[in-house]
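Have a look at this prediction, sequence included:
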Amino acid sequence: MALPKGKISKARKHSRRANWKLTVPGIVECPQCHQMKLAHRVCKHCGFYKGVQVVAVNEEKNA
């Protein structure tokens, strides 16, 4: 059974965990409806991607 060779110091442990960070998602404005959407994905508000309507979106408004 494997055993650790020695005690890991706090500095070594913290420097190893220094790269644990969140990345900000690429959010851009849709050129068709000007809503915010994720980059390189179909707009969930209008269904357009690269100027072509890919998904038919039902516009149901709750009044």
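Happy to help now that I have it. The structure displayed is predicted, hence computed values, not measured ones.

Any stretches of this structure with poor pLDDT?
For the chain, residues meeting the criterion pLDDT under 70 lie at 60-63.

Centroid-nearest residue for it?
Pro25 (3.5 Å; CA atoms, centre = their mean).

Need phi/psi at that residue.
For Pro25, the backbone dihedrals are phi -70, psi 150 (criterion: degrees, to the nearest 10).

surely it meets Lys37?
No - with contacts counted by CB atoms under 8 Å, Pro25 stays clear of Lys37, the gap being 10.3 Å. In this view, the C-beta of every residue, glycine as well, is placed from N, C-alpha and C.

and the residue lying closest to Glu29 once chain neighbours are set aside, how many residues sit next to it?
Using CB to CB, 6 or more residues apart in numbering and skipping the chain neighbours, the partner closest in space to Glu29 is Met36 (6.1 Å). A total of 10 residues lie near Met36 under the criterion other CB atoms under 10 Å.

for the residue nearest to the centre of the chain, what are its contacts?
Leu38 (CB atoms under 8 Å, 6 or more residues apart in numbering).

ok, now how distant is it from Val55?
20 Å (CB to CB, to the nearest Å).

what do you get for Tyr49?
Taken as CB to CB, the span from Tyr49 to Val55 is 8 Å.

same deal with Val24?
Taking CB to CB, one finds Val24 at 25 Å from Val55.

Between those two, which has more neighbouring residues?
Val55 (11 against 5).
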